[in-house]
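[1] 3D, please:
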Amino acid sequence: MKFSYIDEGKGKAVVFIHSYLWDKEMWRPQIDFLKNDYRCISIDLPAHGSSMPISNEEEISLKSLASEVVSFIKTLGIDEYIYVGLSVGGMLAPYIYELDKEKVKKLVIMDSYVGSEPLETKNLYFSMLDTIKSVGHIPQPMAEKIAPIFFSPETSKNKTELYNKFYNSLLNIETKNIDTIVRLGKEIFGRENILEKLKDISIPTYFLTGEYDIPRPFYESQEMSTLIKNSEVFKIQNAGHISNLENPDEVNKILKSIL
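    Here you go, the predicted model:
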């Protein structure tokens, strides 16, 4: 896989992986805040941002994707790094650690959960993905249902600039990327339960979750934290699933303190 990425700043490396249906620029507030002291690397997942979709012949799973990310990080000549992942980025974290534990020094898992998806939401998401695949895009009525899932009720109600930008991005996903997005979505929502892998993590691990996160409620982060001895949990006030953008100041403050 060839990844599009941002590489800004100098110092200790911090690798960022974004949420499903977002891209590397999602981390812009954190990159701009940290780049004077850290080398910030933000990677576009396949068919997101400027990264290319993957062919039907290529495997796509969370484990294989983590392996590709680790291989890509090696090409950047990084000796050690801190890993920050939100949503699917967080789901990759246990695999990243397993594959690259000599180099990963800290994990930050945001608005994520590495247990299996509840059956009800899994079935709902799979149905939506099947529709997206059949029509070749995200229809407007579906975009109107998807967008609020990512934000706090206040942001969705007020249709802020952040909300509208994401909503419009859903409507404008390129046709060439739809197949990969659907396949990746099914891997995310049909993922295996890897909570037991958390018990093997020995490095400092931090869980950050938005106060109003709909798909990944705060109690899931609390559950994961109990499985890692050296871990802390933070609740991001006035934020939903994309907590780093709804309350960037609080997230930046926490990141600065733990990095």
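[2] and the strands in the stretch 101-250 of the chain?
    In the stretch 101-250 of the chain, the strands defined using DSSP state E, counting those that start in this stretch lie at 104-110, 205-210, 231-236.
[3] and residue 139, which of the ones you listed is closest to it?
    strand 205-210 (26.8 Å; C-beta to C-beta). Bear in mind the C-beta positions are built from the backbone N, C-alpha and C, glycine included.
[4] buried residues, the longest helix anywhere in the chain. List them.
    What stands out as the longest helix in the chain, according to DSSP state H, is helix 119-135. Residues of helix 119-135 classed as buried: 122, 125, 126, 128, 129, 132, 133 (neighbour count, 16 or more other C-beta atoms under 10 Å).
[5] any idea how far the fourth one is from residue 191?
    Think residue 128. Distance of residue 128 to residue 191, given as C-beta to C-beta, to the nearest Å: 16 Å.
[6] once you drop chain neighbours, what's closest to residue 45?
    Spatial nearest neighbour of residue 45, chain neighbours left out: residue 51 (6.3 Å); criterion: C-beta to C-beta, 6 or more residues apart in numbering.
[7] ok, the one you found - contacts?
    By C-beta atoms under 8 Å, 6 or more residues apart in numbering, the residues touching residue 51 are 1, 2, 3, 4, 43, 44, 45.
[8] once you drop chain neighbours, what's closest to the fourth one?
    The one in question is residue 4. Using C-beta to C-beta, 6+ apart, the nearest residue to residue 4 is residue 50, at 3.6 Å.
[9] phi, psi for the one you found please.
    phi -100, psi 0 (degrees, to the nearest 10).
[10] rewinding a little: now the residue nearest to residue 45: phi and psi?
    Residue 51 adopts backbone torsions of phi -80, psi 140, taken as degrees, to the nearest 10.
[11] pull the distance from stretch 56-72 to the chain's centre.
    15 Å (C-alpha atoms, centre = their mean, to the nearest Å).
[12] ok, stretch 252-259 next?
    That offset, for stretch 252-259, works out to 18 Å (C-alpha atoms, centre = their mean).
[13] and it, what's its mean pLDDT?
    Stretch 252-259 comes out with an average pLDDT of 96.
[14] cool, stretch 226-243 as well?
    So the average pLDDT for stretch 226-243 ends up being 98.
[15] list the buried residues in it.
    Result for stretch 226-243 [16+ other C-beta under 10 Å]: buried residues 227, 228, 231, 233, 234, 235, 236, 239, 240, 241, 242, 243.
[16] so how far is that stretch from its chain's centroid?
    14 Å.
[17] before we move on, what about stretch 17-37?
    Distance, centroid of stretch 17-37 to centroid of chain: 11 Å (C-alpha atoms, centre = their mean).
[18] ok, now stretch 142-158?
    The answer for stretch 142-158 is 18 Å, by C-alpha atoms, centre = their mean.
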